Structure formats: structure tokens, C-alpha cells
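Student: Have a look; sequence and predicted model below, questions after that.
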Amino acid sequence: MSHKKNNCPNAGFSLIELILYVGIVGMFVTGVVIFAVKAEGIRAKVKVQNDVVNVARLVTDRIATEIRNSSGVASVTPSSLTLTNTDSSRNPTIIAKSGNRITIGFGGAGACPTSAPCFLTPSDLTVSQLVFTNMSTGGSFNIKYSLSVSRINPENRKDWSYSTTMTGSTEIRSK
């Protein structure tokens, strides 16, 4: 009976090979962790930008709708707009900047009376500017509005900072 000898002197890893493998795996894991951290920062930044832009767009759309559906303009100041309405429950409709938020109030009763208006903007965003301008000529009422919205960032993180300004102009529909 003949026995063949195994030609492999050692079947294990040498110390050099082990250090090399650990180094390669360490570089790969470091790359994955760095990628994940950057991806999370980008995700946070995009979410903040979407939140700010969506709120600004919703507020400008709501202002446009209220102007379009009103029957007239009672008063315009740089930071508030008072609209008249044929519906007594919505007369007057007041849109204004209160502190760092925008409010809307309707008439003297209901869910959002002018004495206790409802907020149009959430508490985690701040409105630094709301400007109304009466652009009316002749018999048509046209109101221009501009607002600047930004995210409140008490942590002062760069990824969580974003602001936008939106401007629009709306004419009251003929009734």
C-alpha cells in the first residue's frame, strides 16, 4: 500500500495574509459606513427642503384660493389681508403673520374665528416675511403676496437648514 504525501506544507493562513485580509475588509467596511453616513445626510437635507417647499406652496395656494373666492378686499397691509365674503360665516376672512407663523380666521364663530385664528404653517417652520400688496386697478381686485419660509434649526445642523421665498398674484373672480 502506498501513501501519497500532501504537498502543502501548512494548510492555514500566515500572519501576513491575515493582516492583509483584515486590512482589505476594514477598508471595505469603512467605505460602506462613510457612504451610509453621507446618504443619511442627503436624505435629511432633501426631507427638510421638501417640507419647506411643500408648506410654502400649500400656503400660497390657500392664499390664492381665499382671494379668488372672496367678494372683495376690505383692507391690505404689508403683513395682513382682510377679505370680504358673501358667506356670512367666512366674512371677514383675515390672513396675517402672527409671530413667526401665518394664521387664517373666518367670521366671528366656527372652528377658526378671527378672534382665535388657526395656523397655516407648522411650528417647526418659521415665516420670516409675509407681504401683501394691493395691485388692484379700476374695478378688478388683484393682490400680490410674497412669503419666506425656513426650517427652525436649533441644532444648527447644515443638513437641516433651508429657506425659500414664493411670490404670487391672484385676482378675485367676478361674481
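Tutor: Looks like it came in fine.

Student: Low-confidence stretches in the protein?
Tutor: Across the chain, the stretches falling below the confidence threshold (pLDDT under 70) are 1-11, 174-175.

Student: swap the cut-off to 80 and go again
Tutor: Counting by pLDDT under 80, the chain contains low-confidence residues at 1-13, 108-110, 138-139, 153-160, 173-175.

Student: Which stretches in it count as strands?
Tutor: 72-77, 80-84, 93-98, 101-106, 118-119, 125-134, 142-151, 163-171 (DSSP state E).

Student: Show me what the fifth one pairs with in its sheet, parallel or antiparallel.
Tutor: Each strand pairing with strand 118-119, determined using DSSP bridges, is listed with its direction: strand 101-106 (antiparallel).

Student: Off-centre distance for the partner strand?
Tutor: Distance of strand 101-106 from its chain centroid, counting by Cα atoms, centre = their mean, to the nearest Å, is 18 Å.

Student: Pull the distance from stretch 69-89 to the chain's centre.
Tutor: Between the mean C-alpha location of stretch 69-89 and the chain-wide mean there is a distance of 27 Å, by Cα atoms, centre = their mean.

Student: That stretch: end-to-end distance?
Tutor: Looking at stretch 69-89, the gap from its leading to its trailing residue is 14 Å under the measure Cα to Cα, to the nearest Å.

Student: re earlier: who wins for proximity to Gly23 among the strands of the chain?
Tutor: Ranking the strands of the chain by distance to Gly23, with Cβ to Cβ as the measure, places strand 142-151 first at 42.0 Å. Where you see a C-beta, it was placed from the backbone N, CA and C, and this is true even at glycine.
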